[in-house]
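Visitor: Pasting the sequence and the predicted coordinates here, then a few questions.
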Amino acid sequence: MAIDSPAPRRARRHVARRLAAEFVGTGMLVAVVVGSGIAAQRLSPHDAGLQLLENSIATALGLGVLIVTLAPVSGGHLNPVVSLVDWALGRRWGTGLPPSEVVFYIGAQIVGGVAGTVLASVMFDVSPALSETPRSTPGQLVGEFVATAGLVVVIFTLARTATLPVTATAVGAYIGAAYWFTSSTSFANPAVTIARMFTDTFAGISPGSIVPFILAQLGGAAAGMVFTLVLHRTPARVAGSDARPPTTIPEEHS
């Protein structure tokens with residue numbers, strides 16, 4: 001049996017660490033979304049507006065914390081459309097995820113998201129069940145397209161021009177705002193969408209709405225990427241700052 005050299009072993013450890021970060025991060029994001037939705041239903045059972053407010057505040061804060069915590073390891077994508085756009089822009093700019101890692105990132109995000117739904121259900125003593133909440137009206141799909149396009153523009157612009165804490169705060173704030181200004185309440189994330197299918201609570205989405213929702217998200221991601229390229233032709237940061245990849249923060253080496 002051949003013995004691997006230290007370099008390939010280190011590379012595999014780095015990939016495993018990034019995938020673990022994406023798995024745990026996406027799982028915790030879904031746990032925040034679903035768990036705060038269940039808590040909101042119980043705390044404010046007769047006020048849907050207050051439920052949405054409680055759910056959106058928890059999601060915005062939780063997302064910002066997760067990004068700033070995990071970005072130094074994996075880039076803090078936590079979202080298949082972010083990984084896909086990072087890869088696509090990387091082909092043009094020579095940055096971002098390599099093709100060999102995109103599928104693994106997306107797999108880790110989806111599995112982690114489903115695990116997050118299960119975790120939230122266990123914490124709140126709710127039996128996992130398929131959602132019966134439809135979310136596939138034309139208006140909701142347009143809302144999801146807009147939410148995802150805006151998210152892509154925010155992430156890939158601020159990752160070029162701002163510090164990590166500012167980017168994390170802004171992304172969380174955008175999602176919190178998009179809960180309210182979009183008719184879909186801004187899932188903007190295929191992994192989160194799939195995971196929320198497995199909870200028949202405030203945050204759920206019916207299985208029949210999954211495919212239209214994800215198609216709207218992919219279309220929004222493509223539109224957001226095009227607009228990002230219109231705004232920024234090169235990967236260099238503005239105002240004479242140093243260049244860096246759009247989303248992936250260099251991980252530490254050990």
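Guide: Sure, I can see it. Numbering: from 1, shown residues only.
Visitor: got any ranges where the protein has weak pLDDT?
Guide: Applying pLDDT under 70 to the chain flags the ranges 1-13, 234-254.
Visitor: and if we set it to 90?
Guide: Applying pLDDT under 90 to the chain flags the ranges 1-14, 90-100, 128, 159-162, 232-254.
Visitor: and the longest helix seen in it, what does it pack onto?
Guide: In the chain, assigned by DSSP state H, the helix with the most residues is helix 6-43. Using 3 or more CB pairs under 8 Å, 6 or more residues apart in numbering; DSSP states H and E as the contact criterion, the elements in contact with helix 6-43 are helix 48-74, helix 99-123, helix 190-196. The C-beta positions use only the backbone N, C-alpha and C, and glycine is treated the same way.
Visitor: can you redo the ones you listed as TSV with distance to residue 162?
Guide: TSV is the format used below for these (distance: least, CB to CB, whole Å):
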stretch	distance to residue 162
helix 48-74	12
helix 99-123	23
helix 190-196	24
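Visitor: In TSV: those, plus distance to residue 181 and mean neighbour count.
Guide: Below are the helices and strands packed on helix 6-43 laid out as TSV (distance: least, CB to CB, whole Å; neighbours: other CB atoms under 10 Å):
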stretch	distance to residue 181	mean neighbour count
helix 48-74	11	19
helix 99-123	24	20
helix 190-196	18	27
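Visitor: do you know which of those lies nearest residue 227?
Guide: Using CB to CB as the measure, helix 190-196 is the one of those that comes nearest residue 227, at 19.8 Å.
Visitor: Need the residues that contact that closest one.
Guide: Defining contact as CB atoms under 8 Å, 6 or more residues apart in numbering, one finds that helix 190-196 is touched by 26, 29-30, 33-34, 78-81, 106, 109-110, 112-114, 116-117, 131, 187, 203-205, 210, 213-214, 217-218.
Visitor: Just the C-alpha atoms of it, please, in CSV.
Guide: Listed in CSV are the C-alpha atoms of helix 190-196, where the atom choice follows Å, rounded to 0.1, in the frame of the first residue of the first chain:
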residue,chain,number,x,y,z
PRO,A,190,-32.1,25.8,-1.5
ALA,A,191,-30.7,23.8,1.5
VAL,A,192,-32.8,25.7,4.0
THR,A,193,-35.8,25.3,1.7
ILE,A,194,-35.4,21.5,1.5
ALA,A,195,-34.8,21.3,5.3
ARG,A,196,-38.0,23.4,6.1
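Visitor: need the next SSE after that helix, C-terminal direction.
Guide: Tracing the chain past helix 190-196, the next element assigned as helix or strand by DSSP states H and E is helix 207-231.
Visitor: what separates that following helix from the chain centre, distance-wise?
Guide: Helix 207-231 has its average C-alpha position 13 Å from the chain's average C-alpha position, going by CA atoms, centre = their mean, to the nearest Å.
Visitor: Can you name every helix or strand that that helix contacts?
Guide: helix 80-93, helix 138-161, helix 190-196.
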